[in-house]
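Engineer: Predicted structure and sequence below. I'll ask about it afterward.
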Amino acid sequence: MMKLIELILDESMLLTGIDAISLVEYPAIEEDFIALNSQRVEFATQSDEKRILMGAALVPNKPIYRAEGEEEFYVYFSEATIRKASEMFFQKSKQNNATLEHEVGINGLTVVESWIIEDDVQDKSKKYGFDLPVGTWMVSMKVNNPEIWTNFVKTGKVKGFSIEGYFVDKLNLAKQEMAQIEEQEAALMLSQIVAIIKRDGRKKSGSRIEMESYSDYPQAVSNNAKRGIELNEKNGNKCATPVGKVRAQQLAQGKPVSVETITRMYSYLSRAEEYYDENDTQACGTISFLLWGGLAGKRWAESKLKELGKIELKEGVPHYTADGKLYTGPTHKNADGRLMTGATHTEDSEYLYHKEDLKNV
């Protein structure tokens, strides 16, 4: 059975979304467009033509065959991705970008109408003979290129739309982001160890630094770590960094963890929680999350850090990042007493604001 891969938009990339719409003979989505004349709704063309093509650009959850080398697979787009891609298409002013069979750029073609099907009975597309699911992106394209209209559209050499753009494999993106989170945690941990060694009496004059540690985390934390180790072994031990694997062994055995480690636990679990899916026991996001103690680990780490006065989480007082997004994760105060994101300060920490203060940002 061939793999089925969901493609999504990665808005952190410079190149993302739909760059052009191509006229093709065999649309990958297997939906042809129709040619509209100026008087009546019909499939034939007449002398007094509007020269407008209408059809589906993207159909949600429809498997599209792809091959890379010897590997064959299917890809698909969700309704949410299709809607976002259609919006970005116009936001980036791509409506005049068109190609022929994904090979030659052509001028004189413009997308003049666009909508998402939201009613499979009353939608406008029904009037033109289409039978497409809710979430489909429909477009109407004006053809002000006589050569394309006469030699390709009217002759039937092109039958539908096909998009050109930049999307990413959702699963691979999640793995990359998980790896990035773990690498950040490893780097922070290493920097702390180096700092402690520099202050250690065995290396330089001065008293030895003792790291305060705790082992009063609930059994559920150890059980989650053991479960993560078990699942990772079944998955070829390919998930998590060495730091994550060491952390799991530590928690599974009930060993004490330092305040610095508890801080790292809370920071990591708060960011990695979005990749945890208890129903997908093969996903590295799920396995890595369990290795660090899972939900029980996050709750314990938060409680312990609040008890120690290491983090400040004000209940019932919403805070927002500068871009207006509600923030519910861990916080800390910088040297000036300003509230910032993250349990500890990193280069990615952002200032937090009350909603009424955002207008002054």
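Structural biologist: The structure has been received and is ready for your questions. Numbering: from 1, shown residues only.

Engineer: all contacts plus neighbour counts: C-alpha atoms, from now on.
Structural biologist: Fine.

Engineer: Okay, helices next: where are they in this protein?
Structural biologist: Per DSSP state H, the chain carries helices over the ranges 79-91, 146-148, 170-199, 219-234, 242-252, 259-272, 284-291, 294-307.

Engineer: and of these, who's closest to Gly17?
Structural biologist: helix 79-91 (5.6 Å; Cα to Cα).

Engineer: Summarise which helices and strands the closest one is packed against.
Structural biologist: Contacts defined by 3 or more Cα pairs under 8 Å, 6 or more residues apart in numbering; DSSP states H and E place helix 79-91 against strand 17-24, strand 137-143.

Engineer: Any idea what the nearest residue in space to Ser114 that is not next to it in sequence is bridged to?
Structural biologist: In this structure, Ser114 finds its nearest non-sequential neighbour in Val139, 4.4 Å apart by Cα to Cα, 6 or more residues apart in numbering. When bridges are called by DSSP bridges, Val139 pairs up with Gly55, Ser114.

Engineer: In contact with Val139, which residues?
Structural biologist: Listed by Cα atoms under 8 Å, 6 or more residues apart in numbering, the contact set of Val139 reads Met54, Gly55, Ala56, Ala57, Val111, Val112, Glu113, Ser114, Trp115.

Engineer: Can you tell me which of these is closest to Val104?
Structural biologist: Closest approach between these and Val104, by Cα to Cα: Val111, at 17.6 Å.

Engineer: which ones are touching the closest one?
Structural biologist: Counted by Cα under 8 Å, 6+ apart, Val111 has contacts Gln95, Asn96, Val139, Ser140, Met141, Lys142.

Engineer: could you redo the residues you listed as TSV and give each row distance to Ala296?
Structural biologist: Converted to TSV, these look like this (distance: Cα to Cα, whole Å):
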residue	distance to Ala296
Gln95	49
Asn96	52
Val139	48
Ser140	52
Met141	54
Lys142	57
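
Engineer: Out of those residues, which is nearest to Gln282?
Structural biologist: Ranked by distance to Gln282 (Cα to Cα), these are led by Val139 at 39.0 Å.

Engineer: thinking again about what came up before, relative to His354, which of the contacts of Val111 is nearest.
Structural biologist: Using Cα to Cα, the contacts of Val111 come closest to His354 at Gln95, 38.9 Å.

Engineer: ok, for that closest one, nearest residue in space, not its chain neighbours?
Structural biologist: Per Cα to Cα, 6+ apart, closest to Gln95 is Val111, 5.1 Å.

Engineer: And for Lys304?
Structural biologist: Ile262 (8.0 Å).

Engineer: so what's that neighbour up against?
Structural biologist: Ala301, Lys304, Leu305.

Engineer: Which residues does stretch 101-109 contact?
Structural biologist: 22-25, 96-100, 141-145, 164.
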